[in-house]
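Asks: Turn this into a model:
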Amino acid sequence: MNVVSFPQRIRLVEWQTLAAERMAPLYAEETERWQRLLEWDMTARWQEIERRRRQGLASGIVAMDDATNIHGWCHFGVRERALRIEAFVADNDDIAQMMLDRLLSAPALTFIERVSAFLFTDHHSLAQALRARGLAVDRYWYLGRELNTVAPPALQGLRRWRIEDSLATAALFGRAYESQIATRPFAPLGTQEQWFGYINELTCGAYGTILPEASVCLTAGPDKLTAVAIVTRVGESTAHLAQLAVDPQMRRKRLGMQLMEMVSAAAARVGCRRLTVIVAGVNRPARSMFENEARFRAMGSFLAAGTLAPQRATRPLARGRALVTRR
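Replies: Reported below is the predicted structural model:
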């Protein structure tokens, strides 16, 4: 984006008003950043979002000065009465505050029951700004390691994970995770419907393309799973452990470590050289396992924020109102 020369008048516009040529550099900048820092190829994701933007199916706002230079933008969606902020870029704190005021104003949240954000951002004051608006905030850590081609002995009952396992997987996630976590970017209420919807997002490419060779589950009779590891490919040589869940009754048996080593070897066999995973900051035992036992290292982090009862801005920014910022 452009370096701001103050004083500048900044106003917000709906991103549908911009030509594709104006959006392309914004997507390219984010694509390069994800690839350089996370080894995650977002090209197809942004292409799909741009297609939906042109059709009026994807929402976003852009912060623009009087010379039509862009100084901030965000992408968000509303589904099942939940506002999900999925990208947020701003040149400075004032522009970030302006964009948040628009997103979280009382009129914008009239029919919204929940708010969530999951952002790959280094905007230092954004966490404080979200907390000031009533959202809980957590930091999710993106960890990675070189793949291990040596797999441990196969577990009894282990097989490839299939799409037909979605209902049993949703039930397992419901047992394995806390019921409600406002900052969790997936299934914050922990209902079976939300878990099933999250699994559908996994299989539809929201978090990379499923690697069937490396996605496995451990069965415990008809329609019941005791452990699941779902792996996606997020880059040409990067596999991502999108989910690793073990039934609470089967914990402390090192199943998680065994599954992780198995999927590492399987991903290596199909040409990947790195395995990554995202771990919630509040989940200290999981982060300790990955970093201390499995030799993962931090590659980056995401800002996660959410609330199950959104706090409306008491003095929302009027639509089309300009912001004048000074150095």
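Asks: so residue 230 bridges to which residues?
Replies: residue 243 (DSSP bridges).
Asks: Give me the pLDDT for it.
Replies: Listed pLDDT for residue 230 reads 97.
Asks: How much space separates it from residue 294?
Replies: Separation of residue 230 from residue 294 (C-beta to C-beta, to the nearest Å): 17 Å. Glycine gets a C-beta too; all of them are placed from N, C-alpha and C.
Asks: same deal with residue 84?
Replies: From residue 84 to residue 294 the distance is 30 Å (C-beta to C-beta).
Asks: higher neighbour count, residue 230 and residue 294?
Replies: residue 230 (25 against 18; other C-beta atoms under 10 Å).
Asks: residue contacts, that one?
Replies: 161, 169, 202, 210, 215, 241, 242, 243, 244 (C-beta atoms under 8 Å, 6 or more residues apart in numbering).
Asks: Tell me how far residue 178 lies from residue 65.
Replies: With C-beta to C-beta as the criterion, residue 178 and residue 65 are 44 Å apart.
Asks: do residue 270 as well
Replies: 47 Å.
Asks: out of those two, which sits in the more crowded spot?
Replies: residue 65 (19 against 13).
Asks: Tell me the spacing between that one and residue 23.
Replies: 17 Å.
Asks: do the same with residue 131
Replies: Going from residue 131 to residue 23 by C-beta to C-beta gives 30 Å.
Asks: Just want to know which of those two has more residues nearby.
Replies: Counted by other C-beta under 10 Å, residue 131 and residue 23 do not tie: residue 23 has more neighbours, with 20 against 12.
Asks: Quick one: residues contacting that one.
Replies: 15, 50, 53.
Asks: Can you tell me the SS state at the second one?
Replies: What it means is residue 50. helix (DSSP: H, G, I helix; E, B strand; the rest coil).
Asks: That one against residue 27, yeah?
Replies: Yes - here residue 50 reaches residue 27: they are 6.6 Å apart, a contact under C-beta atoms under 8 Å.
Asks: Please tell me I have it right and residue 227 contacts residue 255.
Replies: Yes - using C-beta under 8 Å, residue 227 is in contact with residue 255, at 5.1 Å.
Asks: any residues in contact with both of the two?
Replies: Common neighbours of residue 227 and residue 255 (criterion: C-beta under 8 Å, 6+ apart): 218, 246.
Asks: More neighbours: the two, which one.
Replies: Neighbours per residue, other C-beta under 10 Å: of residue 227 and residue 255, the larger number sits with residue 227, 25 against 18.
Asks: any idea which element that one lies in?
Replies: Taking DSSP states H and E as the definition, residue 227 sits inside strand 225-235.
Asks: Centre of the chain to that strand, how far?
Replies: 16 Å (C-alpha atoms, centre = their mean, to the nearest Å).
Asks: Tell me how far residue 302 lies from residue 34.
Replies: On the measure of C-beta to C-beta, residue 302 and residue 34 end up 11 Å apart.
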